[in-house]
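1. Okay, here's the prediction I keep looking at, along with the sequence it came from:
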Amino acid sequence: MLPLVVGVLVAGVLALGAGIVLFVGYGFERFVGLRYLLHGRATSTAHAGLTVAVLMVVAGIIALVGGGHEHAREIETLGVVLTLFGALGAMLFLLLRVFAVFTTVSTMGVVLGVASLVVVLAVTSGFEREFQDKVLAVNAHLIVMKYGDQGLRQTDAEAEAEAEDIKNKLRGFPGLTSMAKFSLSAGEVMIGKVGANLKGVDLPEGAADLKRTLVEGSVDDLARPVSCPVEGAADMPAKAIILGRELAHRLRAKIGQCVSVLVPFTGSPGGAPVSYRFKVVGTFQMGFHEYDTRLAYVRLADARSLGNARQSIFGVELRFADPLMALTAEGEITRRLGNDLKIIDWKTLNRNLFMALTMQKVIIALFLVLIIVVAAFNIVASLTLIVLNKVPEIAILRSMGARSLSLLRVFLVAGSFVGFVGTGLGILFGLLVCAMARIYGYPLDPKVYLIAQLPVAISVRELVFVAASTQLICFLATIYPAVRAGRLRVIDGLRYN
């Protein structure tokens, strides 16, 4: 429902703008300009086409709402196709009842260009939002730690003392909601035969996000004593671990089973790395394939005790009421803590990912703007044909006292009206496609796209950008035929007649 509500609001703003241009002042120019455009005919074909299109939309909505259980997916697909093609057909035949054929073609070009741009921007924004949510589910808004290998050389006591000093200095910081110590394996560890990263969380301060993504088990089980069976001997004490769901599936490990964790560079020089026994006490699913297959959680104390604490990165995670606050808080935090600590925000930590998404959005948007430019050329052709066909009428208006500026306004009003109608219908159709995408839930391969479903996120700012840029292009397209009409001489028009 949200895309449709936003669409109605944006369409309302466009209608207000059209009202200001078309109904405030310039009554003569407005009357003549719209008179030149509104040559549609309510033929039986247009009426029948509009009726069929509306029935397709109704049938599609019924299929989406009341689909059966046996073939629900096929019925949903049919419902989406009927709804979208029905809506597109309804717009086409409605425009044919209002405009001439060539003007309808020009307007539909604007509609399709705007709709394509709205859908693509919504999908790319959806990917950006999904990746941001997944990243923030694992990474804090800000991370404070030592530079380079200084943190790797710290002893447990030194690291703990520094972490407490950081927390004391940042208490009461505006917008800061939580602070928690953490550790992350400096490189991959081997869990069974699968390479993964091991993250140590400080219970209970650093486990809030893990709790929200748990599928099985409990975070509190990480702190409870566990043991693993040893063949031919009594059970031996072990450590608790929570695995990503896909990681657990690859290991074929279930709750209560034990896995071995091999930490590189922990053995004696030239010897084999040390192996530790862990018992699976839970699984989590963040919906981000990279994390669900390559991440495991343990208690902070257990992570720091794996062979050598110097094999893990240690620091303090900071979380804010709004993740965007972390992007502007670095300066003040540096002032409080000094320059000998490294402060990384969540966007810098994943800079390559977000830069790639932004570049992708910009490049795709630029290519799709070309569709609107092509539609604008159709507007130029449509208005030029009107000018050529209306040469006698224009000459008569000039002979009756109409000025060149007045005739120029006639065609500016006509072209702007086509732009307003095409932009408004295009945004509505684009948001309808977005709504259908949300309802249908188009599946994606998480191994390729890292998420399981096509994401859609509507941004009012982007809709305003689309509407404004389209209106600008359409307005520029009207200038040439408008100037040509304004320069027409009376004698040329009468001779032509």
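-> Sure, I can see it.
2. Ala180 touches Leu203, doesn't it?
-> No. Proximity of Ala180 to Leu203 does not meet the contact threshold set by C-beta atoms under 8 Å, at 9.2 Å. C-beta coordinates here come from the backbone N, C-alpha and C atoms, glycine included.
3. Counting neighbours, go ahead and name the busier of the two.
-> Neighbours per residue, other C-beta atoms under 10 Å: of Ala180 and Leu203, the larger number sits with Ala180, 21 against 16.
4. who does the host helix or strand of that one touch, helix- and strand-wise?
-> Under the criterion DSSP states H and E, the helix or strand holding Ala180 is strand 176-185. Based on contacts counted as 3 or more C-beta pairs under 8 Å, 6 or more residues apart in numbering; DSSP states H and E, the elements that strand 176-185 packs against are helix 156-170, strand 194-201, helix 300-304, strand 312-320.
5. Which residue ranges of the stretch 51-200 of the chain form strands?
-> Secondary structure of the stretch 51-200 of the chain (DSSP state E, counting those that start in this stretch): strands at 142-146, 176-185, 189-191, 194-201.
6. Any chance of a markdown table for those strands, columns distance to Thr334 and mean pLDDT?
-> Formatted as a markdown table, the strands of the stretch 51-200 of the chain follow (distance: least, C-beta to C-beta, whole Å; pLDDT from 0 to 100):
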| stretch | distance to Thr334 | mean pLDDT |
| --- | --- | --- |
| strand 142-146 | 10 | 82 |
| strand 176-185 | 14 | 84 |
| strand 189-191 | 32 | 84 |
| strand 194-201 | 25 | 86 |
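7. Of these, give the one that comes closest to Thr77.
-> When the strands of the stretch 51-200 of the chain are ranked by distance to Thr77, counting by C-beta to C-beta, first place goes to strand 194-201 at 36.5 Å.
8. how about the closest one: buried residues?
-> Within strand 194-201, the residues that qualify as buried are 194, 196-201, counting by 16 or more other C-beta atoms under 10 Å.
9. Specify the angle between that strand and strand 176-185 in degrees.
-> Between strand 194-201 and strand 176-185, the angle formed by their directions is 140 degrees, by axes from the mean of the first three to the mean of the last three C-alpha atoms, to 10 degrees.
10. For strand 194-201, which outside residues touch it?
-> Residues lying outside strand 194-201 but in contact with it, judged by C-beta atoms under 8 Å, 6 or more residues apart in numbering, are 138, 180, 182-185, 188-191, 207, 210, 222, 244, 247, 250-251, 261, 293-304, 306, 312.
11. what's the pLDDT at Ala233?
-> Looking at Ala233, its pLDDT stands at 68.
12. Is it possible to get JSON lines of the strands of the stretch 51-200 of the chain that adds distance to Gly79?
-> Supplementary listing: the strands of the stretch 51-200 of the chain in JSON lines, determined by distance: least, C-beta to C-beta, whole Å:
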{"stretch": "strand 142-146", "distance to Gly79": "45"}
{"stretch": "strand 176-185", "distance to Gly79": "43"}
{"stretch": "strand 189-191", "distance to Gly79": "44"}
{"stretch": "strand 194-201", "distance to Gly79": "42"}
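13. hang on, the earlier thing: among the helices and strands packed on strand 176-185, which is the most enclosed?
-> Across the helices and strands packed on strand 176-185, averaging neighbours per residue (mean count of other C-beta atoms under 10 Å) puts strand 312-320 on top, at a mean of 23.
14. just how off-centre is that one within its chain?
-> The chain centre lies 27 Å from the centre of strand 312-320; the measure is C-alpha atoms, centre = their mean, to the nearest Å.
15. pull the CA atoms of the strand holding Ala180 into CSV?
-> What follows is the C-alpha trace of strand 176-185 in CSV, where atoms were taken according to Å, rounded to 0.1, in the frame of the first residue of the first chain:
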residue,chain,number,x,y,z
LEU,A,176,24.9,6.6,21.7
THR,A,177,22.7,3.7,22.9
SER,A,178,25.1,0.9,23.6
MET,A,179,28.8,0.0,23.9
ALA,A,180,30.1,-3.6,23.8
LYS,A,181,33.5,-5.2,23.6
PHE,A,182,34.0,-7.7,20.7
SER,A,183,36.7,-9.8,19.0
LEU,A,184,36.9,-11.1,15.5
SER,A,185,39.3,-13.7,14.2
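16. Mind listing the strands it pairs with, and their directions?
-> Strand 176-185 has its sheet partners listed here by DSSP bridges as strand 194-201 (antiparallel), strand 312-320 (antiparallel).
17. Pull out the buried positions in the helix or strand containing Val215.
-> If you go by DSSP H and E, Val215 is part of strand 214-217. Within strand 214-217, the residues that qualify as buried are 214, 216-217, counting by 16+ other C-beta under 10 Å.
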